[in-house]
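> below: sequence and its predicted model.
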Protein chains: 2
Amino acid sequence: MTPLTATATTARERMQRAKDAARSIALLSDADKAAALHTVADAIDAAVDDIVAANAEDLERGRANGMSAGLQDRLRLDATRIAGLAAAVRDVAALPDPVGRVLDERELPTGVQLQKVSVPFGVVGAIYEARPNVTVDIAALALRSGNAVVLRGGSAAERSNAALVGVIRAALAERGIDPEAVQTVDDFGRDGARDLMQARGLVDVLVPRGSAQLIETVVSESLVPVIETGAGVVHIVLDSSAPLDWARDIVVNAKVQRPSVCNAVETVLVLADAAPRLVPPVVAALQAEGVTVHGDDTTRILADGVVAVTDDEYAVEHMSLDLSMRVVEDLDEALAHIRQYSTGHTESIITDDAERAERFLAEVDSAVVMANASTRFTDGGEFGFGAEVGISTQKLHARGPMGLSELTSTKWLARGAGQIRP
Amino acid sequence: MTPLTATATTARERMQRAKDAARSIALLSDADKAAALHTVADAIDAAVDDIVAANAEDLERGRANGMSAGLQDRLRLDATRIAGLAAAVRDVAALPDPVGRVLDERELPTGVQLQKVSVPFGVVGAIYEARPNVTVDIAALALRSGNAVVLRGGSAAERSNAALVGVIRAALAERGIDPEAVQTVDDFGRDGARDLMQARGLVDVLVPRGSAQLIETVVSESLVPVIETGAGVVHIVLDSSAPLDWARDIVVNAKVQRPSVCNAVETVLVLADAAPRLVPPVVAALQAEGVTVHGDDTTRILADGVVAVTDDEYAVEHMSLDLSMRVVEDLDEALAHIRQYSTGHTESIITDDAERAERFLAEVDSAVVMANASTRFTDGGEFGFGAEVGISTQKLHARGPMGLSELTSTKWLARGAGQIRP
């Protein structure tokens, strides 16, 4: 492995190098970018022993510092997971180039030819926590879309990230691509994160990935424009006419299949006139899968084994086999509950009434609004993007699952023959 | 005129009302929105005396406080200008509805139907300075795109803005549309601006319009996502092969037609091998139009009456009949100068060499990059958008001239029949 950044003494200096490198990265052809990522994937496969060794240092330090078993598991890289990282890079290499698409085309009255084309952002920054797989994911997605990248993955994964970044940089250099396009600022500790958030003019967009607290900090402190990939307090509404099998199967799927992800359902709102019919079997089906249902008074009257819910819980992303259930008077009350507690990620209504489905789709102000489908479909892979940068819960630039094209900006090109404005 | 916000005692309270009103505004039909804007335009025409009287108060206070003649002119509303405001609102009414466009459509393998549609942001905030016409422009553009709006136009125009907002609100109420969709926070002074910048969760996007300093403040302090409408340090490069007539006509047009706007050229870079041929006639043509040319040593040797330029001037938006000129060794040096000094607004190259034109178009990282056309074309009206929200110099969400569609976000709609994620 090549030395990381032997002579770069500050985080800003590294970001400046990323910015300088971004110019040549932006001009790489589709084939060059794809080939470079295959070289990166091969290099990751070849470096498995070095990566495992670096990761072991992080794990040992983590254990000494009392890191939880869950965090240790997120941090751990073994041969299987490293092979998975390389495979993911090859998947990204296979995606179509998002750069150079003509998005608009018009001729001005004077004959000037105008084109709006997709271009790379330039430098993409990422701030995340103790997940070395994100280091490889984001670097691959950034390079595929013609961007340089500055990574801040946290001190807990510092050795793992440094090893991975070293492998990626060496692979780029091997192909004659400027390795300065991939930078980490992990070794500067909190200052690295701060410098990254203040790097307006050097970094074009910042993507935080991690806990609600990390995202909140980045949103508040960053001078660089942020794409917020927020938490999911996700709702499913069981309408008066909801077919029992759809209601039961979708609620169970949305909670149980993978409870620790942001598209898992947190709260089920049941319309009062359907509650006696739906609450008992839906609660029973959830309980059969090991879910603890936290219900309001009406839910607890209608079903056994339901613990009492508190209002505070409605605002919480459980990330576990816990689910809140509340009986509401009508659709208006369900919509008001969603307005109050939703994080704007995904909501779904289960209904047999097309008119009410359309009302829900029109009125709910979330990134993804569904009728009669599981909230687990909110995912870049499921949407057919081939890769996912994250799920945006903001309204600016990108909303919902983000694919490669969300890592591009646009530029207007005007071609004339001496025209002046009349 | 109706009382503005008789019972709203805080800026946050007004923003909350805007957010509440945004729900019904978002659901208005194309025809309803267009009709409402016609009513607004008629109301502005009918209220001309009240508006002029309110504006006279602002002007009198301005004069007493020593406001410059230029600022007074920007602030002034007379019958002609007010008729122009009403006409602009009718123009916005005539634009196509940017909401409800289907931007992507796909069927998931399970049969779930997915649609990406354009939706209003919700609440648009605007911070600007002493230009009451912006009050009407932004309110009309926001309403046409289904958004509520919170305006902060500065204390110098407080009475004028209040009168205009009062007219707009009364007109909306007359059509049965919630007047709380249009709010001003001018009467809270600096606190109004601060509250608006901190209104994350109430305001969805903030558009600053005004001086570089105002924009810098909003970008640094706002917790609400910002669309930066930046200053224009705009460059024209005269390549070795530039035809003299194109070079001369475009430089003169770009500087002289309207020197106080952001798409006016500030710096002309001349390639050394063309400098003896181009500098003397281009400088003479500029001087004939009253332009003061600030040149580097070579420029001053080649042409008479050129004052010495300083490096600092290269970074300045003159907003006047002043222009910097520098002779550079080659295209690389021109590109390096642009990287150092450009604000990323618009740059143009004048050349007869198609290959060099394409290199310039590919490598310059600005919102609009031109070959052989005047930088004055960078304008929403010229681009055929029918109206302009501003010219974005950031890369997130919108870049270059922004039309109505840049005031929309997107939402994914998923329609299923009980599908769960396999």
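On my side now, so go ahead. Numbers count the residues shown, from 1 in each chain, chains lettered A, B, ... in the order given.
> wait, doesn't residue A:163 sit right on residue A:56?
No. Residue A:163 lies out of contact with residue A:56 (CB atoms under 8 Å); the separation is 10.6 Å. Any C-beta I mention is one placed from the backbone N, CA and C, and that applies to glycine too.
> more neighbours: which of the two?
residue A:163 (26 against 14; other CB atoms under 10 Å in any protein chain shown).
> pLDDT weak spots in chain A?
Applying pLDDT under 70 to chain A flags residues A:1-8.
> ok, the longest strand anywhere in it near chain B or not?
In chain A, taking DSSP state E as the definition, the longest strand is strand A:408-419. Yes. Counting by CB under 8 Å from any CB of the partner chain, chain B has neighbours in strand A:408-419: A:409-419.
> how many residues are close by the residue in the stretch 51-200 of chain A positioned nearest to chain B?
Scanning the stretch 51-200 of chain A for the residue nearest chain B gives residue A:112, at 4.9 Å (criterion: CB to the nearest CB). If you count neighbours by other CB under 10 Å, residue A:112 ends up with 23.
> I'd guessed it sits against residue A:419; true?
Yes. Judged on CB under 8 Å, residue A:112 makes contact with residue A:419 at a distance of 5.1 Å.
> now for the two: what residues contact both?
B:373, B:377 (CB atoms under 8 Å, 6 or more residues apart in numbering or on different chains).
> residues from the stretch 151-300 of chain A in reach of chain B?
Contact residues, the stretch 151-300 of chain A versus chain B (CB under 8 Å from any CB): A:200, A:204-205, A:219-220, A:223, A:225-227, A:243, A:245-246, A:249-250, A:253-254, A:257.
> and the residues you listed, which of them are in strands?
Those of these lying in strands (DSSP E): residue A:205.
> once you drop chain neighbours, what's closest to the residue of the stretch 51-200 of chain A closest to chain B?
Among residues not flanking residue A:112 along the chain, residue A:416 sits closest, at 4.4 Å (CB to CB, 6 or more residues apart in numbering or on different chains).
> next, count neighbours for the closest residue to chain B within the stretch 101-250 of chain A.
Nearest to chain B, among the residues of the stretch 101-250 of chain A, is residue A:246, at 3.8 Å (CB to the nearest CB). For residue A:246, the tally of surrounding residues (other CB under 10 Å) stands at 21.
> quick one: residues contacting residue A:341.
A:233, A:235, A:267, A:314-315.
> now do the helices in the stretch 51-200 of chain A.
A:69-75, A:79-93, A:132-144, A:158-174, A:189-197 (DSSP state H, counting those that start in this stretch).
> domain ranges for chain A?
According to automatic domain parsing, chain A is divided into the following domains: A:11-229+A:405-414, A:234-377.
> got the residues of the stretch 1-150 of chain A near chain B?
Residues of the stretch 1-150 of chain A found near chain B (CB under 8 Å from any CB) are A:23, A:26-27, A:106, A:108, A:110, A:112, A:114, A:116, A:119, A:121-122.
> make CSV from those residues and add distance to residue A:36 to it.
Shown next, in CSV, are these (distance: CB to CB, whole Å):
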residue, distance to residue A:36
A:23, 16
A:26, 14
A:27, 13
A:106, 35
A:108, 38
A:110, 42
A:112, 36
A:114, 32
A:116, 27
A:119, 19
A:121, 18
A:122, 18
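> which of the residues you listed sits closest to residue B:288?
Of all the residues of the stretch 1-150 of chain A next to chain B, residue B:288 sits closest to residue A:110, with 23.6 Å by CB to CB.
> hang on, the earlier thing: widest-spaced pair of the residues of strand A:408-419 next to chain B?
So, the residues of strand A:408-419 next to chain B by CB to CB: farthest apart are A:409 and A:418, at 28.9 Å.
> quick one, which of these two is more surrounded?
Between residue A:409 and residue A:418, counted using other CB under 10 Å, the more crowded position is residue A:409 (21 against 18).
> verify the contact between the more buried one and residue B:393 for me.
No. With contact defined as CB under 8 Å, residue A:409 and residue B:393 do not form a contacting pair (11.4 Å).
> now the end-to-end length of stretch A:21-35.
From its first residue to its last, stretch A:21-35 covers 18 Å (CA to CA, to the nearest Å).
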